[in-house]
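Trainee: What follows is a predicted protein model with its sequence.
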Amino acid sequence: MKIGNLTDTIEKEIFTSTSDLSMDYAELALDTLTKESLLSEVPVVKSLIAFYKVTSSIIDRHNVKKILMFLEQFHANKINDKKLNEFKERFDQNPKHRTRVLETILLLNEKFIDEEKSKILANLFSAHIEEKLTWEEFLKLSFILSNLNPWSYKFLERIVDKESSLKFKTFEMIEGEAFLLASGIGSTFEDRYRMNNTGKKLYEFGFKPLLVSKKD
């Protein structure tokens, strides 16, 4: 299966979902992602399995799972129909940008080891479609997400969200701040860590929607 065919499939899935949104793909066992499974009859799953040539490779199965988690979270966000249609019109008018967007989504998902990042990426992409983030901001935040140590997620919440009840010991905060600094979403001034606007946007549009959905 060619990359062009896969991007076509992902585009269709973005604008008209064929996957079962009632399924929690995060809980999906990797050994169920085979050509013989019932799940493989879902069009997008069938295309992903064919593209990655899923056999015994854990990496290939993991890539399929991450993309399914991305799509599941994307549709769970229930994007405004008008904004989604306007985005589709821009897609149709600019094939080069369309290709770049879809390939970027696929490549970033492949890079992630932590599956949660696929959901966070979906939230950032949703924010881009709703014009809360420009394409340049989406790229910047996505690349930062790619390099962010998963252990630092809670520190990001603790620093940005004033209503967070999370508490850490001093040495834990110092270590957490170091992880955030390494990802480029903060700076130090007079030995004190300060979150920058990029870090705040990453939390607001990427992480916070997941926390809100867990509370509901």
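Mentor: On my side now, so go ahead. Numbers count the residues shown, from 1 in each chain.

Trainee: quick one, helices of this protein?
Mentor: Counting by DSSP state H, the segments of the chain that form helices are 3-15, 43-52, 58-76, 81-93, 95-111, 116-129, 135-147, 153-160, 170-182, 197-202, 208-215.

Trainee: what's in contact with the fifth one?
Mentor: The one in question is helix 95-111. 3, 6-7, 10-11, 63, 66-67, 70, 90-92, 118, 121, 125, 135, 139, 142, 145-146 (Cβ atoms under 8 Å, 6 or more residues apart in numbering). The C-beta positions use only the backbone N, C-alpha and C, and glycine is treated the same way.

Trainee: Compute the inter-axis angle for it and helix 43-52.
Mentor: Angle of helix 95-111 versus helix 43-52, following axes from the mean of the first three to the mean of the last three Cα atoms, to 10 degrees, is 80 degrees.

Trainee: buried set for helix 95-111?
Mentor: Judged by neighbour count using 16 or more other Cβ atoms under 10 Å, the buried positions of helix 95-111 are 98, 101-102, 104-106, 108-109.

Trainee: Return the distance of that helix from the chain's centre.
Mentor: From the chain centre to the centre of helix 95-111 is a distance of 12 Å (Cα atoms, centre = their mean, to the nearest Å).

Trainee: Residue ranges of each domain in this structure, please.
Mentor: The chain is divided into the following domains under automatic domain parsing: 3-131, 150-215.
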